[in-house]
Every structure is written in C-alpha cells, then in structure tokens.
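In: dropping a prediction and its sequence here:
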Amino acid sequence: MGECEICGAGEAGFFILVEGAKLHVCYKCAKHGKVLSAPATMPQRSLSVSREQTERDIVADFGRKIREARNKMKIERNVLAELMNEKESFLERIEAERTIPNETLARKLEKALGIKLFEEIKHEHVDIRKDKKGELTLGDVVIVKKK
Ligand SMILES: [Zn+2]
C-alpha cells in the first residue's frame, strides 16, 4: 500500500482522482478528491467487551439453612421473629421457602444465626464483536458460580 501521497503520514488505502491526477491517499485525505477505489478490506470493527459482573443471590435452600441454624442454636421461631422484628408467621413462610426475605432481613438472619444466605454469582460476558455486516454477534457467555 505505501504512504499517503498527500499527507505522507497515513497509510494509503484509497485511490482518488484530484484534478486529473490519480493519487494513493489515506482515508483522511480521500475527501480531497473523487474516490476511485476504497480499500477492499475495511478495518473490521471489532468490539471486544469483557464485562465482569458480580451479583449476589440468595441461596436456594435459605429456608432450610435458617431452620437448621435456629434449631442448632435452640432458638424458638417466635424468639427469632422478635429478634428480627418480624411476625412469626412471616418467619415461618421464609423457613418454608414460600417467601424470599429481602436483603436487609437476610443480612440480619445471617448475623443472628451465623450462616451464609448469599452466594456470589459471577457473570462474564466475553467478546461481543461486529461481523462483516456490522451486526453484533454474541460470543460465549460464561457464567461462573463462585462459592
Ligand atoms: Zn493522507
């Protein structure tokens, strides 16, 4: 390809016509004349996104964990409910996994019972690139569970 015949700096990929003269120019200088030919291969637009996202999710067996920890510590459900400032029936539903505690309550339960109710789930989105038509294609999406 060689250097641009106008600025001498850019890489000449375009072939343009300027006042009857044919010049090899870079893409910046192509606007100075009539473009006769553009590079056959335009630089491929590739957008490589490596995004890391960590989400915290409540464990699937949170109810069992709470119940087991509570039994181990010999705390009655109504006592724990009082500690949590919640209704016993509400706690019962949580232990039966019919209700998912909100994060604040789950944190309090973790502290009170010395258990872990959250697990970290790491999502990694790898390599989103544009194909020749300029359409986005999604590469592999890897989901890694971290314990
Ligand atoms: Zn140039």
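Out: Happy to help now that I have it. Numbering: from 1, shown residues only.
In: any idea how far E120 is from R107?
Out: For E120, the distance to R107 equals 15 Å [C-beta to C-beta, to the nearest Å]. For glycine as for every other residue, the C-beta is placed from the backbone atoms N, C-alpha and C.
In: nope, E5 is what I meant
Out: 68 Å.
In: who has more neighbours out of these two?
Out: Remark: of E5 and R107, E5 carries more neighbours, 16 against 13, as counted by other C-beta atoms under 10 Å.
In: what about the more buried one, which SS state?
Out: Using DSSP: H, G, I helix; E, B strand; the rest coil as the criterion, the local structure at E5 reads coil.
In: before we move on, what about L17?
Out: strand.
In: correct me if wrong: it contacts L36.
Out: Yes - using C-beta atoms under 8 Å, L17 is in contact with L36, at 5.6 Å.
In: what helix or strand does the closest residue to T99 other than its chain neighbours sit in?
Out: Distance criterion C-beta to C-beta, 6 or more residues apart in numbering; nearest residue to T99, sequence neighbours excluded, is R93 at 4.1 Å. Following DSSP states H and E, one finds R93 within helix 88-95.
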